[in-house]
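Visitor: what follows is a predicted protein model with its sequence.
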Amino acid sequence: MLLKPDLGLLFWMLVSFGIVFFILAKFGFPIIVKMVDERKAFIDKSLEAAKAANERLAGIQDESEQILKRTRDEEMRILKEAQEARNKMIAEAKEQAAAETGKLIAEAKSAIQKEKEMAIGDIRNQIADLSISIAEKVLRKSLDNPTAQREMVQKLIDEVQKN
């Protein structure tokens, strides 16, 4: 009997199945379809949000690359300005040192020239004093003899004429 169902049983099973199917179609399937649609909408929304996030991330990456490029450019400009300022300061220091050196050399030459002139003047004075002293001694000795006196005067006159 298990294999052969009774016609009445089959009828009531079909009626029961129809009622259950009708109830499910009226109340169960719309809820299930609604939940599936909500889930699909949530998944679509999540995909759109992920796409927007990827676009924002790409924009942020481009912006960060631009910021890095500007930062590098600014760094290079600052380094260039610093090097130019350093070179300018070095050139100014060299010019100032050259001017100071020239000034010191001129002052030293002037001082040396003054010292030289003073030394020459001092030597001339000493030579004049020695000459006078020698002349006095010679003249004292020569004045005793008139012939020697004349020879001395003649010799001095000849020397003055040669110069």
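Guide: Here it is on my side, so go on. Residues are numbered from 1 along each chain as shown.

Visitor: when you work out contacts or count neighbours from here on, use the C-alpha atoms and nothing else.
Guide: Noted.

Visitor: so Leu47 versus Gly59, what's the distance?
Guide: 18 Å (CA to CA, to the nearest Å).

Visitor: sec struct for the residue nearest the centre of the chain, please.
Guide: With distances taken as CA atoms, centre = their mean, Leu79 lies nearest the centre of the chain, 3.0 Å away. Secondary structure assignment for Leu79 (DSSP: H, G, I helix; E, B strand; the rest coil): helix.

Visitor: quick check: pLDDT value at it.
Guide: Reading off the per-residue confidence, Leu79 sits at a pLDDT of 95.

Visitor: elements contacting the lowest-mean-pLDDT helix or strand in the chain?
Guide: Ranking every helix and strand in the chain by mean pLDDT, DSSP states H and E puts helix 146-162 at the bottom, with a mean of 74. Here helix 146-162 touches helix 29-143, going by 3 or more CA pairs under 8 Å, 6 or more residues apart in numbering; DSSP states H and E.

Visitor: could I get the CA-only coordinates of the least confident helix or strand of the chain as CSV?
Guide: Output of helix 146-162 as CSV, limited to C-alpha atoms (Å, rounded to 0.1, in the frame of the first residue of the first chain):
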residue,chain,number,x,y,z
PRO,A,146,150.7,125.6,1.9
THR,A,147,151.6,123.4,-1.1
ALA,A,148,149.5,120.5,0.2
GLN,A,149,146.7,123.0,0.8
ARG,A,150,146.8,124.1,-2.9
GLU,A,151,146.8,120.5,-4.1
MET,A,152,143.8,119.7,-1.9
VAL,A,153,141.8,122.7,-3.2
GLN,A,154,142.7,121.9,-6.8
LYS,A,155,141.7,118.2,-6.3
LEU,A,156,138.3,119.3,-4.8
ILE,A,157,137.7,121.7,-7.7
ASP,A,158,138.4,118.9,-10.2
GLU,A,159,136.0,116.5,-8.4
VAL,A,160,133.2,119.1,-8.3
GLN,A,161,133.6,119.8,-12.0
LYS,A,162,133.4,116.0,-12.8
